[in-house]
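>>> 3D, please:
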Amino acid sequence: MAPHRSGPALWALALGYFSFGTSSLAVVGLSAPISRDLQVTQAQVGLLVTVFALTFAVAAPLAPVLLSRLGRRSVLLSGLAVMAAGGLAAALAPGYGVLCAARVLTALGGAAFGPAASVAGSLLVPAERRARALATVFAGMTAATVLGVPLSTGLGQSAGWRWTTVGVAALSLLALVLVAVLVPGTERGTPATVSAFSPVLRTAGVLPAIATTLAFMAAQFTVYGVAGAYLSDRFHATTGQVAALLLVFGVAGVAGNAAAGRVFERCGGPLTITIALTGFGAAFAALLLVPGRFAAAVAAFTVWAAFSQLFQAPQQARLVALVPEQRALGLALNASSLYLGMSLGSLLGSTLLPALGALWLPAAGLLPLAAAAAAHRASGHRSPRTPATATAPSVPAAAPRP
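Next comes the predicted model:
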């Protein structure tokens, strides 16, 4: 597809990712009204994020296999329809148990849509523009943290959490319509099967790359998962300052994601990911060393956000290049590891913050980040460097993932 024609299709996929990201994270800002309405603790409401993440992590690798007989566009539309149904079910939930079930349903829709959207984005453009296209699609997920979560929080306070959930479901339906109109059908490619998992994971570089994603996200969420408490303890930030800083974090992340495609085209995937890991590590080191002043926190978080979002699109592009014929499985496994990493990092942060204190929490995050760097190095040693201008092989290379 010509670049000027692929643009609307990529942005339609990005809107779907935006609704997916908002669905997964909006409950964080809606915990108080949900808690009051359903008469449960805010800790129980917080578990809804874990329910979503674990459901997605399990379902994402299975979705390409179970839906292999459907065309790629049909998978996208089905995923968005299930996400919308899950959102409406959540809005009508009479109690906590039904709300949990609705979250599972929404996550199942996301597991079908998210990896399929990345696959579709990678197929809409020539290989040399793949990273930029994937960055456009993943921009929806990044924007969900910048706009989706704060808007959901504000709307929840004024209109109630149920109408907010209806609004998110409506976004999924809007994305469904736009994807149906703007995203063309693509070749189905090699069907994903259970037996294909083994050769995919045995392909040189794939397993270390997936481990890189898991460890990278664990490092990030060690601090981000408890950002409010961390900023309050370490930098004496007020509630308003925390909200402002998280907005700055999101905007810097959008900028980093937007730059990812261009950096990839100049430097290639492995070097771009190395740059992201290095900048991320420098930001965490700064959090250990800077004085406890809010301005220092703003500077360190800005650097952290920009470099962390430089990672996602090049990582997906590398996996597509490693296993072009089974890219659906590769991207699904990567998406699963992403959410597992988020869950692991959040668990580490909530456990270690009381034990270590805010000052030393980034040091704990540097440990999984070091593991991510080691895994990335291993993936580079086991597979040839993919130059920015390389084209994906037209025959199976072996197998393989915002």
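
>>> quick one: low-confidence parts of the stretch 301-402 of the chain?
Filtered on pLDDT under 70, the stretch 301-402 of the chain yields the residue ranges 381-402.

>>> how about the strands in it?
Taking DSSP state E, counting those that start in this stretch as the test, none of the stretch 301-402 of the chain falls into strands.

>>> where exactly do the helices run in it?
312-322, 327-356, 361-382 (DSSP state H, counting those that start in this stretch).

>>> Next: the stretch 51-200 of the chain.
Using DSSP H, counting those that start in this stretch, the helices found in the stretch 51-200 of the chain span residues 72-91, 96-123, 130-143, 149-159, 161-182, 197-202.

>>> Quick check: mean pLDDT of the longest one?
I take that to be helix 96-123. In this model, helix 96-123 has a mean pLDDT of 91.

>>> what comes up buried for that helix?
96, 99-100, 102-123 (16 or more other CB atoms under 10 Å). In short, each C-beta sits where N, CA and C put it, glycine included.

>>> Ala143 is nearest to which of the helices of the stretch 301-402 of the chain?
The closest of these to Ala143 is helix 312-322. By CB to CB, the value is 13.0 Å.

>>> Determine the angle, from 0 to 180 degrees, between that closest one and helix 361-382.
If you take axes from the mean of the first three to the mean of the last three CA atoms, to 10 degrees, helix 312-322 sits at 20 degrees to helix 361-382.

>>> Now do helix 312-322 against helix 130-143, angle only.
Interaxial angle, helix 312-322 versus helix 130-143 (the same axes, to 10 degrees): 140 degrees.

>>> and helix 312-322, what other elements does it pack with?
helix 96-123, helix 130-143, helix 206-224, helix 239-267, helix 269-289, helix 327-356 (3 or more CB pairs under 8 Å, 6 or more residues apart in numbering; DSSP states H and E).

>>> related to what we said a few turns ago, check the helices of the stretch 51-200 of the chain for me: which has the lowest mean pLDDT.
Among those, helix 149-159 scores lowest, with a mean of 78.

>>> Which other helices and strands does that one contact?
helix 3-29, helix 161-182, helix 239-267.

>>> Repeat the analysis, applying 7 Å as the threshold.
Packing contacts for helix 149-159, counted by 3 or more CB pairs under 7 Å, 6 or more residues apart in numbering; DSSP states H and E, involve helix 3-29, helix 161-182.

>>> for these, which one sits closest to Gly365?
Nearest to Gly365, of the helices and strands packed on helix 149-159 and by CB to CB, is helix 3-29 at 19.5 Å.

>>> List the contacts of Ala305.
Ala305 makes contact with 249, 252-253, 256, according to CB atoms under 7 Å, 6 or more residues apart in numbering.

>>> Once you drop chain neighbours, what's closest to it?
Nearest non-adjacent residue to Ala305, counting by CB to CB, 6 or more residues apart in numbering: Ala252, 3.8 Å away.

>>> Please tell me the pLDDT value assigned to the one you found.
In this prediction Ala252 is given a pLDDT of 91.

>>> right, so the helices of the stretch 51-200 of the chain: which one is the most enclosed?
A comparison of the helices of the stretch 51-200 of the chain by mean neighbour count, using mean count of other CB atoms under 10 Å, puts helix 130-143 on top with a mean of 27.

>>> Give me the helices and strands touching that helix, please.
Applying 3+ CB pairs under 7 Å, 6+ apart, we find helix 130-143 packed against helix 3-29, helix 96-123, helix 239-267, helix 312-322.

>>> contacting residues around that helix?
The contact list for helix 130-143 (CB under 7 Å, 6+ apart) reads 6, 10-11, 13-18, 21, 117-118, 121-122, 124-125, 253-254, 257-258, 260-262, 264-265, 309, 312-314, 316-317, 320, 402.

>>> Of those residues, grab the buried ones for PyMOL.
To isolate the buried ones among the contacts of helix 130-143 in PyMOL, judged by 16+ other CB under 10 Å, type:
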select buried, resi 6+10+11+13+14+15+16+17+18+21+117+118+121+122+124+125+253+254+257+258+260+261+264+265+309+312+313+314+316+317+320+402
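
>>> before we move on, the earlier item: of all the helices of the stretch 51-200 of the chain, which lies closest to Leu359?
Taking CB to CB, helix 149-159 is the member of the helices of the stretch 51-200 of the chain nearest to Leu359, at 27.0 Å.

>>> Just the C-alpha atoms of stretch 128-139, please, in PDB.
Taking C-alpha atoms only, stretch 128-139 is exported to PDB below (Å, rounded to 0.1, in the frame of the first residue of the first chain):
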ATOM      1  CA  GLU A 128      12.000  -0.200   5.300                       C
ATOM      2  CA  ARG A 129       9.000   1.800   6.800                       C
ATOM      3  CA  ARG A 130       7.900  -1.000   9.100                       C
ATOM      4  CA  ALA A 131       9.200   0.500  12.400                       C
ATOM      5  CA  ARG A 132       7.600   3.900  11.700                       C
ATOM      6  CA  ALA A 133       4.300   2.200  10.900                       C
ATOM      7  CA  LEU A 134       4.500   0.200  14.100                       C
ATOM      8  CA  ALA A 135       5.300   3.300  16.000                       C
ATOM      9  CA  THR A 136       2.100   4.900  14.600                       C
ATOM     10  CA  VAL A 137       0.000   2.000  15.600                       C
ATOM     11  CA  PHE A 138       1.500   1.800  19.100                       C
ATOM     12  CA  ALA A 139       1.100   5.500  19.500                       C
END
